[in-house]
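**Student:** need a 3D model of the following:
(2 chains)
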Amino acid sequence: MPRYIVKRLFNGLIVLLGVITITFFIARVIPSDPAAKWVGARATPEQKAAAVVELGLDQPLHIQYGTYLQDLLHGDLGRSLNSKQEITTELANYLPATFELVIIAFLFAVMIGIPLGIYSAKKNGKLLDHVSRFFSIGAVSLPTFWVGLILQLIFYRMLGWLPLGGRISVEASIFSTIPDITGLLILDCALTGQWNLFIDALKHIILPAITISLYPIGLVARMTRSALLEILNEDYIVASRSYGIRETRVLWRYALKNSLGATATVVALSMGYTLVNTFLTETIFSWPGLGSYVSKSVVTLDLPAIVGISLVSAFFYVILNLIADIIIAMDPRIRL
Amino acid sequence: MDYNHKWVQIKESLKPKIHNFRESLFLLGRNKLTAAAMFILLAIILTALFAPYIIPYPEHIEDAVNMQEKFLEPSKEHLFGTDEMGRDIFSRTLYGSRVSLKTAIIAVALALIIGVPLGAIAGTIGGVLDEVIMRITDVFLSFPPLLLAIVFVSTMGPSLNNAIAAIALSWWPWYTRLVRGQAISLKERKFVQAAETIGTSRLKIIMRHIVPNTISPVIVQASMDMGGVILTVAALSFLGLGAQAPQPEWGLMINVSKNYFPDIWWYSVFPGLAIFITVLVFNLIGDGIREILDPKTRKK
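**Tutor:** Just a heads-up that it's a prediction; the model follows:
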């Protein structure tokens, strides 16, 4: 197994290098005049020429590529065209909010998806099974940004239960000091014991987290269902049933345990897939995470920032794939 | 092998496929959900084809300004209400099906044009070339979905055409993989080996023998991909990277409507509903196809 993991790790590195190369060539080879964007529309030709030298655009392409790789190894993603700030610093500011949102969304996905999968396996072919099939196909067909708007319409405008957007209400951010220990607001509030802030933050995260979780819920439910259906026909399940062990115990303890590997794989993989949904959702809910950074950069066509976000996302994507591979490898029934 | 004989062979090889196609259509129709989806899809396609003739306010597709009628709530005159320029949202949403279907079809076709030949070459020729092509597809597939498209459009400048190119750029590897797999097994078939023995050039073998035989799985896959592509187009337009005003594109309409939300709720709700229904219908049919193709579920 260690050999297998090393091999996958190596593959992951090659993929990352490929992603870096493709983004580099898209950003440099397609004529888009980055120096002109860097200095702005009203710059003199001299300023532009200086920018070309400053950005290294006068060098031959392979040297530019080498410098680019070297910078990346030092964690340097370049500077944003908008703010002229280091992109790495900016990303570090936005990352925790997205991270928090994704964690809560996947808690939802697991807490709702697995039971849904179990019940539809139990009721195989019956109404609930059909409902769950329809739900999981429906979840994949929904435009995420639209779901966000609909949820706002229902829970903010019609019912008035939950806030429209943001991470915390304006009053709370004015009248109390927001704790910042881990960057995960809910966790920080709990750690410092500021329970009213905690509730406030929790209320803000519910809608965006549900929006994001719809897709993985469908996926997790379908996967749990099909894995369980296969296992429920195994001899050991038939044996435990004939011993008279209660059905709930058979289902939840004996069968579920062996189906969780498949579910865990799907969770890890769909997390990468959900990343873009997270971006779109953040835009709707004015969530101050990577997604807001993306849409801000997209509006102004801030290419270095967009490339930076893509590379960071690709990095997480590769890691999640690696985790999925490792989970598969941990299953003792699979020989690699 | 003389020409005539080959023609007979091709005709023969086509027969069971057409039969299968009819049978498949029959099996698809047996599942009520899938049948309903096919029916709705037909309605959507007809709407897209005849949109200019059936919408109540054809002049509202362009930049018509009618400020006295802006933000009217849904009513008999305007089923889905009106937008910030007093245009009929119902007309624009119906017309949007034309934009979305056209965009998705062109994007998938472009992806096929890149992906199919590469897959056929990789599978038929094999060796280093195969290795190189497949590693390239690996890299493209390891981009988080949509991100490659975002990077590409940001560089090229936002427009619907660039969004189409960007989607094709991120979608072709799927077809390369599919066709490669098919080509590897086709390569071992007698008719390909026979062609090889009589000295047919590799290019001709690929174009005449391999590619035509991979068409039907590719078309099935492409039709199953339509839903995802439509969703991607909408997402790009929502981000401002696809269709540009005043195009009646669903994602773009939602993007603009966001500024007036939640007071002008109808502006966001109806175009989104159109996206959802269209994509759902494609995905339901895709799921139905998958089910009848899977021997485990087919018997039922």
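
**Student:** low-confidence stretches in the stretch 1-150 of chain B?
**Tutor:** The model of the stretch 1-150 of chain B has pLDDT under 70 over residues B:1-25, B:27.

**Student:** near chain A, which residues of it?
**Tutor:** Proximity of the stretch 1-150 of chain B to chain A is confined to B:33, B:135-136, B:138-140, B:142-148, B:150 under the rule CB under 8 Å from any CB of the partner chain. Glycine gets a C-beta too; all of them are placed from N, C-alpha and C.

**Student:** and the two most separated of these?
**Tutor:** Using CB to CB, the residues of the stretch 1-150 of chain B next to chain A span at most 40.0 Å, a distance reached by B:Leu33 and B:Arg135.

**Student:** count of residues packed around the closest residue to B:Leu293 other than its chain neighbours?
**Tutor:** Distances taken as CB to CB, 6 or more residues apart in numbering or on different chains place B:Val220 nearest to B:Leu293, at 7.4 Å, with adjacent residues excluded. Number of residues near B:Val220 (other CB atoms under 10 Å in any protein chain shown) recorded here: 16.

**Student:** go on, A:Gly56?
**Tutor:** Other residues near A:Gly56 come to 12 when the count uses other CB under 10 Å.

**Student:** what's near enough to touch the residue in the stretch 51-200 of chain A that chain B sits nearest to?
**Tutor:** The nearest approach of the stretch 51-200 of chain A to chain B comes at A:Trp146, 3.3 Å away (CB to the nearest CB). By CB atoms under 8 Å, 6 or more residues apart in numbering or on different chains, the contact set of A:Trp146 is B:254, B:268, B:272, B:275-276.

**Student:** from B:Ala168, how far out is the residue of the stretch 201-300 of chain B found nearest chain A?
**Tutor:** Residue of the stretch 201-300 of chain B nearest chain A, by CB to the nearest CB: B:Gly272 (3.3 Å). Taking CB to CB, to the nearest Å as the measure, B:Gly272 falls 25 Å from B:Ala168.

**Student:** where does B:Leu148 fall, helix, sheet strand or coil?
**Tutor:** When classified by DSSP: H, G, I helix; E, B strand; the rest coil, B:Leu148 comes out as helix.

**Student:** can you tell me the element the closest residue to it other than its chain neighbours falls in?
**Tutor:** Nearest in space to B:Leu148, with sequence neighbours left out and distances taken as CB to CB, 6+ apart, is B:Ser170 at 4.4 Å. Assigned by DSSP states H and E, B:Ser170 belongs to helix B:160-187.

**Student:** tell me what that helix is packed against?
**Tutor:** Under the contact definition 3 or more CB pairs under 8 Å, 6 or more residues apart in numbering or on different chains; DSSP states H and E, helix B:160-187 sits against helix B:89-125, helix B:127-141, helix B:147-156, helix B:211-238.

**Student:** deepest of the ones you listed, which one?
**Tutor:** Stretch with highest mean neighbour count among these: helix B:147-156 (a mean of 25; mean count of other CB atoms under 10 Å in any protein chain shown).

**Student:** burial check on B:Phe71, number of neighbours?
**Tutor:** Residues contacting B:Phe71 under the criterion other CB under 10 Å number 15.

**Student:** quick one, phi psi at it?
**Tutor:** Note on B:Phe71: its backbone torsions stand at phi 50, psi 40 [degrees, to the nearest 10].

**Student:** what residues are up against it?
**Tutor:** B:81-84, B:260, B:264, B:267.

**Student:** of those, buried ones?
**Tutor:** Buried members of these, counted by 16 or more other CB atoms under 10 Å in any protein chain shown: B:81-83, B:264, B:267.

**Student:** pLDDT weak spots in the stretch 201-300 of chain B?
**Tutor:** B:294-300.

**Student:** quick one: A:Val110 from A:Val147, how far?
**Tutor:** From A:Val110 to A:Val147 the distance is 19 Å (CB to CB).

**Student:** element containing residue 145?
**Tutor:** Just so you know, I chose chain A. helix A:144-152.

**Student:** how far off helix B:211-238 does that helix point, in degrees?
**Tutor:** 40 degrees (axes from the mean of the first three to the mean of the last three CA atoms, to 10 degrees).

**Student:** next SSE downstream of helix A:144-152?
**Tutor:** Once helix A:144-152 ends, the next helix or strand along the chain (criterion: DSSP H and E) is helix A:170-175.

**Student:** tell me what the following helix or strand past that following helix is packed against?
**Tutor:** Using DSSP H and E, the helix or strand that follows helix A:170-175 in sequence is helix A:185-192. Here helix A:185-192 touches helix A:87-122, helix A:195-231, going by 3+ CB pairs under 8 Å, 6+ apart.

**Student:** name the residues that touch helix A:185-192?
**Tutor:** Residues from elsewhere that reach helix A:185-192 (CB under 8 Å, 6+ apart): A:97, A:100, A:104, A:167-168, A:178-182, A:195, A:197-198, A:201-202, A:205.

**Student:** pull the most distant pair out of those.
**Tutor:** Longest span within those, CB to CB: A:Ala97 and A:Trp195, 20.7 Å.

**Student:** which of the helices and strands packed on helix A:185-192 is buried the deepest?
**Tutor:** Greatest average neighbour count among the helices and strands packed on helix A:185-192 goes to helix A:195-231 (a mean of 22), per mean count of other CB under 10 Å.
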